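Engineer: just need the structure, nothing else, for what follows:
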Amino acid sequence: MSLGILKKAAMTALSVAVLYSASPAAMAAGTLRVGMTAADIPLTTGQTDQGGEGMRFMGFTVYDALIEWDMTSADKASTLIPGLATEWGVDSADKNKWTFKIREGVTYHDGSSFTAHDVVWNFDKLLDPDSEQYDPRQSAQGKSRIPAVASYKAVDDTTLEIITKEPDATLPYQLAWILMSSKANWEAHGKNWEEVAKAPSGTGPWKLTGFVPRERAELVPNTKYWDETRIPKLDKMILMPLPEPNARTAALMSGQVDWIEAPAPDTIPALKGNGFSIVSNAYPHNWTWHLSRLEGSPWNDIRVRKAANLAVDREGLKELLGGLAIPAKGFLPPSSQWFGEPTFEVKYDPEAAKALLAEAGYGPDKPLKVKALISPSGSGQMLPLPMNEYVQQNLAEVGIDVEFNVVEWNQMINLWRAGAADTSVEGSQSINFSYFIQDPFTGLIRHVACSLIAPNGTNWGHYCDDEMEELIKTAKTTFEPMAQDAALQKLHEKYVNEALFLMITHDVAPRAMSPKVKGFVQAQNWFQNFSGIEIAE
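Structural biologist: As a prediction, the model looks like this:
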């Protein structure tokens with residue numbers, strides 16, 4: 001660890017110490033202090049920013065969705081479970097029509113009741129620019145998550161109807177991203193989302209009691225939460241943005257925080273030696289380069305895409321990460337029920353990579369030059385600077401010269417949503433982005449569907465292919481689970497066989513925490529349940 005990094009980490013830890021020495025209540029028994037990888041407090045009004053980490057710490061804590069994820073087990077993959085909807089189903093005669101039964105007796109933190117009419121109001125805040133409550137910031141986070149939705153209405157207080165644009169069996173997965181905020185609270189704050197942000201109201205197991213941008217947020221239990229098993233045991237949870245990994249580690253080792261996301265790999269032996277716990281688990285997440293398919297992009301040549309995939313030493317990268325990674329064999333891990341049987345083998349073979357590049361017209365006297373967008377930190381981004389430098393070196397060894405455009409994580413998300421054709425990406429032909437691959441839509445469909453080419457969706461690279469469109473259609477119109485799995489296998493096989501992404505690694509979500517932290521179960525999920533955690537004296 002360099003002297004400069006040590007100084008920076010020490011100064012960050014010192015600032016944390018100063019902040020909390022002025023706040024004795026933060027040191028009370030039962031308070032969990034978390035060092036996040038995000039550079040700022042996630043958006044508090046409902047649809048969070050800061051990627052998956054924003055949803056983890058400010059989404060499923062303060063808010064609920066109609067459909068949620070089972071996060072109770074470390075040993076099995078998460079599945080969808082009832083949330084604010086107790087049941088749902090598609091009409092047997094009309095596959096575009098879905099009906100949801102709304103959970104009765106649920107109240108927001110402000111005391112107002114949750115009904116089907118609130119769902120309509122929340123959809124309008126994301127989807128209807130003419131609605132009084134429309135919020136561009138939340139819409140930017142949520143609209144692209146529910147592309148299937150054509151219309152919606154409250155049949156009565158406890159019945160919601162959604163009509164999709166076309167038959168789409170992935171709708172329940174899409175709705176798991178959409179969080180419900182209080183209309184009554186918005187009205188009480190002058191119908192002003194900026195004011196709501198200071199005192200938000202959801203139906204979730206935690207209440208936000210206050211925050212200081214880029215410094216901290218404080219949450220306390222919602223003792224009236226509708227699911228008694230998820231009423232938090234802690235007195236308080238404090239979230240702190242600490243985007244630099246060595247600074248997070250320094251804050252943990254000095255006792256200023258109790259828990260950090262993504263510890264620096266080279267500090268893990270010292271953390272273990274000092275009694276800190278390292279918790280990790282396989283979970284549905286990958287770390288890729290998303291490739292531009294615009295006219296003129298070198299990535300349009302399948303030989304170039306395959307060469308890049310053969311150039312990366314994934315086992316060496318795993319070693320760099322202290323063993324806390326799963327080398328990619330595809331866009332999904334082989335353990336996925338949707339992996340299938342691709343014919344292209346993603347592996348380390350630099351000689352084969354050089355041969356493919358030579359065939360494509362590149363060589364020692366004519367290296368391929370590409371530009372890649374990367375971030376210094378961010379939710380799910382693991383350790384993007386050292387990892388990307390490693391990949392850059394691997395690619396250089398076979399004849400691909402990479403220039404990096406480094407931008408802050410939240411800006412990176414904006415550039416990802418803008419797409420490869422937007423002038424804001426400054427000609428970058430790839431973007432390093434980690435992806436949630438837990439459901440069919442978010443994991444596979446949204447990256448390659450023609451209708452979701454950015455800025456209409458998150459198909460950053462502007463990829464569009466007729467065969468892929470047919471595979472997507474089959475997956476979306478297949479409602480029987482096993483048959484849908486088979487359709488998704490074919491879709492993933494095309495991802496791998498055509499090397500549509502530079503597929504690098506899968507994260508195992510390492511977290512480091514004080515031995516005082518008890519009761520945490522790390523689910524195989526990007527999101528986590530903090531309700532069972534206690535701080536032992």
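Engineer: so Glu218, which state does it fall into?
Structural biologist: Under DSSP: H, G, I helix; E, B strand; the rest coil, Glu218 falls in the strand class.
Engineer: what's around Ile302, how many residues?
Structural biologist: Using other Cβ atoms under 10 Å, the number of residues around Ile302 comes to 15. All C-beta atoms are positioned from the backbone trio N, CA, C, and that covers glycine.
Engineer: let me fix that, I meant to ask about Ala65.
Structural biologist: 21.
Engineer: any low-confidence regions in this protein?
Structural biologist: By pLDDT under 70, the low-scoring segments of the chain are 1-29.
Engineer: farthest residue from the center of it?
Structural biologist: Distance from the C-alpha centroid of the chain, by Cα atoms, centre = their mean, peaks at Asp365 (40.4 Å).
Engineer: what's the spacing between that one and Lys473?
Structural biologist: Separation of Asp365 from Lys473 (Cβ to Cβ, to the nearest Å): 46 Å.
Engineer: what are the bridge partners for Gly363, then?
Structural biologist: Taking DSSP bridges, one obtains Lys366 as the residues bridged to Gly363.
Engineer: against Val398, how distant is it?
Structural biologist: Distance from Gly363 to Val398, counting by Cβ to Cβ: 10 Å.
Engineer: next: Pro333.
Structural biologist: Distance, Pro333 to Val398, using Cβ to Cβ: 25 Å.
Engineer: those two: which has the busier surroundings?
Structural biologist: Between Pro333 and Val398, Val398 has the larger neighbour count (other Cβ under 10 Å), namely 24 against 19.
Engineer: contacts only, for the closest residue in space to Met180 that isn't next to it in sequence.
Structural biologist: Among residues not flanking Met180 along the chain, Asn122 sits closest, at 5.1 Å (Cβ to Cβ, 6 or more residues apart in numbering). The contact partners of Asn122, taken as Cβ atoms under 8 Å, 6 or more residues apart in numbering, are 46, 178-181.
Engineer: dump those to CSV, plus neighbour count, secondary structure and distance to Lys490.
Structural biologist: Converted to CSV, the contacts of Asn122 look like this (neighbours: other Cβ atoms under 10 Å; DSSP: H, G, I helix; E, B strand; the rest coil; distance: Cβ to Cβ, whole Å):
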residue, neighbour count, secondary structure, distance to Lys490
Gly46, 29, coil, 36
Ile178, 24, coil, 29
Leu179, 27, strand, 33
Met180, 23, coil, 36
Ser181, 27, coil, 39
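Engineer: may I ask which two of those are separated the most?
Structural biologist: Ile178 and Ser181 (10.5 Å; Cβ to Cβ).
Engineer: picking up where we left off before, roughly how far apart are the residue farthest from the centre of the chain and Ala358?
Structural biologist: For Asp365 relative to Ala358 (Cβ to Cβ), the value is 11 Å.
Engineer: that older thread, okay, and the common contacts of Gly363 and Val398?
Structural biologist: Counting by Cβ under 8 Å, 6+ apart, the contacts common to Gly363 and Val398 are Leu357.
Engineer: the nearest residue to Ala418 once chain neighbours are set aside: what's it in contact with?
Structural biologist: Among residues not flanking Ala418 along the chain, Ser424 sits closest, at 5.4 Å (Cβ to Cβ, 6+ apart). Counting by Cβ under 8 Å, 6+ apart, Ser424 touches 414-415, 418.
Engineer: by neighbours, which of these wins?
Structural biologist: Leu415 leads the contacts of Ser424 on contacts (other Cβ under 10 Å) with 22 neighbours.
Engineer: three-state assignment of that residue?
Structural biologist: Going by three-state DSSP, the secondary structure assigned to Leu415 is helix.
Engineer: how close does it get to Thr203?
Structural biologist: 33 Å.
Engineer: what's near enough to touch Cys137?
Structural biologist: You called it Cys, but residue 137 is Arg. Counting by Cβ under 8 Å, 6+ apart, Arg137 has contacts 43, 45, 47, 49, 193.
Engineer: helices of the stretch 301-450 of the chain, residue ranges please.
Structural biologist: 302-311, 314-320, 350-359, 384-398, 409-418, 440, 446-448 (DSSP state H, counting those that start in this stretch).
Engineer: dump those helices to TSV, plus distance to Lys165.
Structural biologist: Output for those, formatted as TSV (distance: least, Cβ to Cβ, whole Å):
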stretch	distance to Lys165
helix 302-311	31
helix 314-320	39
helix 350-359	40
helix 384-398	35
helix 409-418	20
helix 440	16
helix 446-448	14
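Engineer: relative to Trp98, which of those helices is closest?
Structural biologist: Across the helices of the stretch 301-450 of the chain, closest to Trp98 is helix 440 (Cβ to Cβ), at 16.2 Å.
Engineer: and that closest one, what does it pack onto?
Structural biologist: If contacts are counted by 3 or more Cβ pairs under 8 Å, 6 or more residues apart in numbering; DSSP states H and E, helix 440 sits against no helix or strand.
Engineer: distance from it to the middle of the chain?
Structural biologist: Relative to its chain's centre, helix 440 lies at 14 Å (Cα atoms, centre = their mean, to the nearest Å).
Engineer: what lies in contact with it?
Structural biologist: Helix 440 is contacted from outside by 169-170, 173, 338, 475, 484, 488, using Cβ under 8 Å, 6+ apart.
Engineer: is it true that Leu324 touches Pro265?
Structural biologist: Yes. Contact criterion Cβ atoms under 8 Å: Leu324 and Pro265 qualify, at 6.3 Å.
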